[in-house]
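K.L.:
What would the 3D arrangement of this be:
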Amino acid sequence: MRLTDADGMRLTCSATNTSGRPVAELELRHRLRARAEDRIRAARATGLRNLPLHRTAQNRIWLEIVQIALDLLAWMPMLALTGKARCWEPRRLRLRLFTTAGQLVATSRRRTLRLARHWPWTSYITTALDRLALLPNPG
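P.N.:
Residues are numbered from 1 along each chain as shown. Next up is the predicted model:
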């Protein structure tokens, strides 16, 4: 709960029924919840903000699709991205990586992904694909 913002300083308070623990430990436990809050914000940005369909069964399907997208958004930065790109929000990932124009070319029984060289984030995509290719096969 925010009490006030004065001169850029925010006063906050936390209420808990946990007793016998130091304040620093309680503060750390509270800050670790920020990861859950980040996931909720990502879920809303990915399609959980509104249920666009009319029937419950259709919205259940929508929620499954959103859950798959959230799983991909959670694992992809950890496994494939490096540097600042690991902290990008879903909107930034969409604008920079997921909407990149490319061409899938099949020659000599091989598929090749061609990306525009002038796109500023092409190196992020190629590095991510290289890192994913280095992962061991789970099977």
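K.L.:
could you dump the biggest helix by length in the chain to CSV, C-alpha only?
P.N.:
In the chain, assigned by DSSP state H, the helix with the most residues is helix 56-79. Provided in CSV are the C-alpha atoms of helix 56-79 (Å, rounded to 0.1, in the frame of the first residue of the first chain):
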residue,chain,number,x,y,z
THR,A,56,-17.5,-20.6,-21.5
ALA,A,57,-16.1,-23.5,-23.6
GLN,A,58,-14.7,-21.1,-26.1
ASN,A,59,-13.1,-19.0,-23.4
ARG,A,60,-11.6,-22.1,-21.8
ILE,A,61,-9.8,-22.8,-25.2
TRP,A,62,-8.7,-19.1,-25.2
LEU,A,63,-7.2,-19.5,-21.7
GLU,A,64,-5.3,-22.7,-22.7
ILE,A,65,-3.8,-20.8,-25.7
VAL,A,66,-2.8,-17.9,-23.3
GLN,A,67,-1.3,-20.4,-20.9
ILE,A,68,0.8,-21.9,-23.7
ALA,A,69,2.0,-18.5,-24.8
LEU,A,70,2.9,-17.6,-21.2
ASP,A,71,4.9,-20.8,-20.8
LEU,A,72,6.8,-19.9,-24.0
LEU,A,73,7.3,-16.3,-22.7
ALA,A,74,8.7,-17.7,-19.4
TRP,A,75,11.1,-20.2,-20.8
MET,A,76,12.3,-18.5,-23.9
PRO,A,77,14.2,-15.7,-22.2
MET,A,78,15.9,-18.1,-19.8
LEU,A,79,16.9,-20.6,-22.5
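K.L.:
So what's the gap between it and the chain middle?
P.N.:
With CA atoms, centre = their mean, to the nearest Å as the basis, helix 56-79 stands 11 Å off its chain's centre.
K.L.:
Which strands or helices does it pack on?
P.N.:
helix 34-43, helix 122-134 (3 or more CB pairs under 8 Å, 6 or more residues apart in numbering; DSSP states H and E). (Each C-beta comes from the backbone N, C-alpha and C, glycine too.)
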